[in-house]
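Enquirer: predicted coordinates and the sequence they were generated for:
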Amino acid sequence: MDDKQPTSVTLEQIEDYRFDIHYAPDRPAIASDEPPPLGQGAGPSPSHLLLAAVGNCMSSSLYFALRKFKLDPKGLTTTATGEIGRNEAGRLRVLSIAVDIRMGATAEGMARLDRVLMQFEQFCTVGESVRQGIPVTVSVFDGSGQKLK
């Protein structure tokens, strides 16, 4: 069985380091730009987009797993933080990514939450793909601020 699902985006240079990212013919483009001094910061940088992709995928995977067991997180707020630094060759790289996901609901009374927390990351296509080359850590907190994972 072939589960390959091709996906693509088209980037159109607008000016200098600013690009419009086209991802669907019936949707508006997303602007991306490098921050000064290279660009003007007119949109998220490629590093921001990478962090957004990992954070969004982890959040979606957690939400899917929670809903599978009819659990309501009462909203999710996710912060993905990347450590940018130089590698051995002196080139800037994303050295690590930390993802913090905060649920609006408290963990109290959430049956099977332990199972959800053990499994949800495995279903994150982007995060698990990025993790093959960049360390990614994920923390989950409930609405009271208790660290669950």
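Expert: Arrived safely.

Enquirer: and the helices in the chain?
Expert: 46-68, 113-119, 125-130 (DSSP state H).

Enquirer: quick one: contacts of stretch 31-39?
Expert: 11, 14, 16-21, 40-46, 48-49 (CB atoms under 8 Å, 6 or more residues apart in numbering). In short, each C-beta sits where N, CA and C put it, glycine included.

Enquirer: give me that answer again for 6 Å
Expert: Identification of contacts with stretch 31-39 by CB atoms under 6 Å, 6 or more residues apart in numbering yields 17-21, 40-45.

Enquirer: closest to Leu148 out of those?
Expert: Pro44 (28.7 Å; CB to CB).

Enquirer: ok, the residue nearest to Glu12 when sequence neighbours are not counted - contacts?
Expert: Take Glu12 and drop its neighbours on the chain: the residue closest to it by CB to CB, 6 or more residues apart in numbering is Asp20, 4.7 Å away. Asp20 sits next to 12, 14, 29, 31 when contact means CB under 6 Å, 6+ apart.

Enquirer: any idea what Asp20 is bridged to?
Expert: Note on Asp20: beta-bridge partners by DSSP bridges are Glu12, Ala31.

Enquirer: from the contacts of Asp20, list the buried ones, please.
Expert: Neighbour-count burial (16 or more other CB atoms under 10 Å) applied to those gives Ala29.

Enquirer: which residue sits closest to Lys68 in space, ignoring its chain neighbours?
Expert: Per CB to CB, 6+ apart, closest to Lys68 is Val116, 7.9 Å.

Enquirer: separation between the one you found and Arg131?
Expert: Distance, Val116 to Arg131, by CB to CB, to the nearest Å: 19 Å.
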